[in-house]
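quick check, what structure comes out for this input:
(chains A and B)
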Amino acid sequence: MFKRIYAVFAARNREFMRDRGSLAWNLVMPVILVFGLAFVFGGEGRSQYVVGVLQASSEIDTAEHPFLESRFIDFVPVAEQADGFRKIERHRLDLLVHFGGEHRYWVNPESPSGYFAERLLLQSDAAAGGEMQKAEISGDPIRYVDWVLPGILGMNMMFSCLFGVGYVVVRYRKNGFLKRLRATPLRPQEFIVAQVASRLMLVLTVTAFVYVATHLILDTRMDGSYLTLLLVTVVGCISMVSLGLLIAARVTSEELAGGLLNMISWPMMILSGVWFSLEGAGPAVQGLAKVFPLTHILDSARAVMLDGATLLDIAPSMIMLTLLSLAFLALGAYYFRWGPD
Amino acid sequence: MQIALEARNLVKRYPGVDAVNDVSFAVNEGSCFGLLGPNGAGKTTTVEIIEGVTPATSGEIYYFGEPAGRRFREEAGIQFQNTALQDYLTVRETLEMFQKLYDRHADLDRIIEDCSLGELVDRDNRKLSGGQRQRLFLAVALVNEPRLVFLDEPTTGLDPQARRNFWTLVQRIQANGTTIILTTHYMDEAHVLCDEIAIMDAGRIITSGPPDELLRNRYDGLLIELPLEDLTGGLEGIEHVVYENQGIVEIPSTDVTRSLELLAPCVDSLNRIKIRQPNLEDLFLDLTGHSLRS
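This is a model prediction of the structure:
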């Protein structure tokens, strides 16, 4: 038995070592992740909370209050009160504080992070004399579930499109199914369109089902038009499938494809605002996030669902997604190969 | 008779290897043409160039007198040596999927019956045996009512009974007027099925023609075989060339009675002697000096 196990073990090791693409990937991926995470959450470590400081100046003066010296909290200057309130409502800030004159703070009662940030503020304020006053924010505060739902749906869509298309196309190429198709009148463009359409239908069905179920159970917020949200989903899905097809255009190793797809999907998941807002992140990170289709999908979906944005309001993101899709599809079709040759 | 397919000066070079080296042949409409040779001779590469799935380094392919193109893809049916089908589809779903890729449609029920897939139509592709899969691959190659069918090593891995059943199936297809191009390393298969053959070795065609004609031109009589270890002395008086292959002595003879008289004093016993017709494997051995199965 052990002889057989060893034979298979050794053969698999050889296969892996001789697959240079996968080998290189497995060496490079951890390095990229380490550097990437260091870049995103660099400095004194990943901040736990993002607190807006209502003030005219762009510099935070930590001498104003001991709370401003707290570690693992990002303090972001906010010039306009209305802007601060909107960010609190949309979970982009956990807390908004004001130390000029009267010491006040605002918190979204639906925000779990806001609750803990408030505890830290009050603890720190008690030691400093306890002057902080809680103020109500005007408008309708958004629950965390309302804010995170588009993120979860978008993330699910991203994984389904990238892996469901990219990985499968590579498997088809590897096992010769694409070669079999090549011997028919089917054209590469037709194959690619069929893949996009198939995944689009599946993702739309699944996303609609999850959305409706969540909406019925949790009474999630929907301030905009369902038609506009459907359009965001369709355009976003096409962009993700196109990206998957581009990655799979000529890769023949499933392991390499898996690595490349992870390389694309993980940064998107971290930087596109699926779970938390990047309000406190540096401009470079926020700029990088704008390259990812998922960022535009989530920004648009949240704008429609939480702010009642119209198609015109989200037009820049829609145009960006369309341009990205066209670029991915054009490159994917150009580089596409039926077989390994 | 019209020429269905013509390959002119096909060349396929890989770094350090000439996989196909100036291969030319023509296939008459309605005939069965066999490309024969050992593994690695270049048969599969040659047909994959013709099928359009492997790009040639140089050479030309004509289909009914025109450069092979869209019409060829529409009218050709291809059974690959190694391929896969989509998982989780049934046999019928697979056939329907492939049929929809073509403008020409054959009657699926007839194909299912011809390929003996009747009891398997609702079975998942993954649950088919080797022989059943080969029949499904052939059925896939027939969904577009092809005028030309490529069969690449169709019976490799099949048991003798399944091979003979497959031959019957191929003969039935040919009887309908379909042109067949068969690659195989089974000489008996080529002899039974092919009207004309081309024998390949090291990327080149070394001879071609109708199988019986090739054998008649090369051999004049029968072959006497005996184990080398049964010989007790030299084969004095036997003029023909003696071949030694895997411990067997082969003696071509036009007068078996006379040859046996000359052989009798040189062997321990005649009990293990065989007398048989020369076949394509002998021809290949003569032409190349090595065995087809090596």
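
chain A against chain B: which residues are in contact?
Within chain A, the positions near chain B by Cβ under 8 Å from any Cβ of the partner chain are A:172, A:175-177, A:179-186, A:338-339, A:341. For every residue, glycine as well, the C-beta is placed using N, CA and C.

farthest-separated two in those?
A:Asn175 and A:Pro185 (21.4 Å; Cβ to Cβ).

show me which residues of chain B sit near chain A.
Within chain B, the positions near chain A by Cβ under 8 Å from any Cβ are B:51-55, B:70, B:73-74, B:76, B:78, B:80, B:82-86, B:98, B:101-103, B:140.

can you tell me the closest non-neighbouring residue to A:Met166?
You called it Met, but residue A:166 is Gly. A:Gly244 (3.6 Å; Cβ to Cβ, 6 or more residues apart in numbering or on different chains).

coming back round to it: highest neighbour count among the residues of chain A next to chain B?
A:Arg180 (25 neighbours; other Cβ atoms under 10 Å in any protein chain shown).

now do the domain split for chain B, please.
Domain segmentation of chain B under automatic domain parsing yields B:3-215, B:220-277.

and the pLDDT for A:Ile247?
On pLDDT, A:Ile247 comes in at 91.

tell me how far it lies from chain B.
21 Å (Cβ to the nearest Cβ, to the nearest Å).

need the contact list for that residue.
A:Leu162, A:Gly166, A:Ala257, A:Leu260, A:Leu261, A:Ile264 (Cβ atoms under 8 Å, 6 or more residues apart in numbering or on different chains).

now do the contacts for the last one.
Residues counted as contacts of A:Ile264 (Cβ under 8 Å, 6+ apart) are A:Leu162, A:Leu243, A:Ile247.

thought A:Thr207 was touching A:Met157?
Yes: under the criterion of Cβ atoms under 8 Å, A:Thr207 makes contact with A:Met157 at 6.0 Å.

which ones among the residues of chain A next to chain B are found in helices?
Secondary structure defined by DSSP state H assigns A:Tyr172, A:Asn175, A:Phe177, A:Lys179, A:Arg180, A:Leu181, A:Arg182 of the residues of chain A next to chain B to helices.

all strands of the stretch 1-150 of chain B, in order?
Residue ranges of the strands in the stretch 1-150 of chain B, as given by DSSP state E, counting those that start in this stretch, are B:3-14, B:17-28, B:32-36, B:58-63, B:66-67, B:76-79, B:148-152.

any buried residues in the fourth one, and which?
Okay, so that is strand B:58-63. Neighbour-count burial for strand B:58-63, counted by 16 or more other Cβ atoms under 10 Å in any protein chain shown, picks out B:Gly59, B:Ile61, B:Tyr62, B:Tyr63.

need the contact partners of that strand.
Contacts for strand B:58-63 (Cβ under 8 Å, 6+ apart): B:3-11, B:23, B:49-50, B:67-69, B:71-72, B:75-76, B:148.

just checking the distance from it to the centre of its chain.
Centroid displacement of strand B:58-63 relative to its chain, using Cα atoms, centre = their mean, to the nearest Å, is 21 Å.

same deal with the second one?
How far strand B:17-28 lies from its chain's middle: 15 Å, per Cα atoms, centre = their mean.

quick one, it and strand B:58-63 angle?
Angle, strand B:17-28 to strand B:58-63, by axes from the mean of the first three to the mean of the last three Cα atoms, to 10 degrees: 20 degrees.

thought B:Asp195 was touching B:Val27?
No: counting by Cβ under 8 Å, B:Asp195 stays clear of B:Val27, with 9.4 Å between them.

more neighbours: which of these two?
The residue with more neighbours, out of B:Asp195 and B:Val27, is B:Val27; 21 against 15, by other Cβ under 10 Å.

gap between the more buried one and chain A?
With Cβ to the nearest Cβ as the criterion, B:Val27 and chain A are 18 Å apart.

quick one: contacts for that residue?
By Cβ under 8 Å, 6+ apart, B:Val27 lies in contact with B:Ile3, B:Ala4, B:Leu5, B:Glu6, B:Phe33, B:Leu148, B:Thr179, B:Ile181, B:Glu196.

so the last one makes contact with B:Gly30?
No: with contacts defined as Cβ under 8 Å, B:Glu196 does not count as touching B:Gly30, sitting 11.7 Å away.

okay, and A:Leu120 sits in which element?
Using DSSP states H and E, A:Leu120 sits in helix A:112-128.

I should have written A:Gly100 there, sorry.
Using DSSP H and E, no helix or strand contains A:Gly100.

which non-adjacent residue is nearest it?
Using Cβ to Cβ, 6+ apart, the closest residue to A:Gly100 is A:Gln55 (6.3 Å).

now the one you found: how far from chain B?
Separation of A:Gln55 from chain B (Cβ to the nearest Cβ) stands at 61 Å.

ok, that residue - how many residues close by?
17.

tell me the contacts of it?
Residues near A:Gln55 by Cβ under 8 Å, 6+ apart: A:Pro77, A:Val78, A:Ala79, A:His98, A:Phe99, A:Gly100.

show the pLDDT at it.
85.

quick one on the thing from earlier: correct me if wrong, but the residue nearest to A:Gly166 is in a helix.
Yes: judged by DSSP: H, G, I helix; E, B strand; the rest coil, A:Gly244 forms part of a helix.

my guess is A:Gly332 meets A:Ile192, correct?
Yes: counting by Cβ under 8 Å, A:Ile192 is a contact partner of A:Gly332 at 6.4 Å.

shared neighbours, those two?
By Cβ under 8 Å, 6+ apart, the residues touching both A:Gly332 and A:Ile192 are A:Leu245.

comparing those two, which residue is more hemmed in?
Between A:Gly332 and A:Ile192, A:Gly332 has the larger neighbour count (other Cβ under 10 Å), namely 26 against 21.

reduced to three states, what does that one come out as?
Secondary structure assignment for A:Gly332 (three-state DSSP): helix.

contacting residues around it?
Neighbour list for A:Gly332: A:Ile192, A:Ser242, A:Leu245, A:Leu246, A:Ala248, A:Ala249 [criterion: Cβ under 8 Å, 6+ apart].

repeat that for 7 Å
Residues near A:Gly332 by Cβ atoms under 7 Å, 6 or more residues apart in numbering or on different chains: A:Ile192, A:Ser242, A:Leu245, A:Leu246, A:Ala249.

swap in A:Asp94?
A:Tyr49, A:Val50, A:Val51, A:Ser111, A:Ser113, A:Gly114, A:Ala117.

so which residues of the stretch 151-294 of chain B form helices?
Shown for the stretch 151-294 of chain B, the helices assigned by DSSP state H, counting those that start in this stretch span residues B:160-175, B:187-193, B:211-218, B:256-263, B:280-288.

which other helices and strands contact the lengthiest helix in chain A?
Determined from DSSP H, the single longest helix within chain A is helix A:188-218. Judged by 3 or more Cβ pairs under 7 Å, 6 or more residues apart in numbering or on different chains; DSSP states H and E, helix A:188-218 is in contact with helix A:144-161, helix A:226-247, helix A:315-335.

CSV for these, including distance to B:Asp255?
Shown next, in CSV, are those (distance: least, Cβ to Cβ, whole Å):
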stretch, distance to B:Asp255
helix A:144-161, 78
helix A:226-247, 71
helix A:315-335, 68
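
determine which stretch of these is the most buried.
Among those, helix A:226-247 has the highest mean neighbour count (mean count of other Cβ atoms under 10 Å in any protein chain shown), at a mean of 23.
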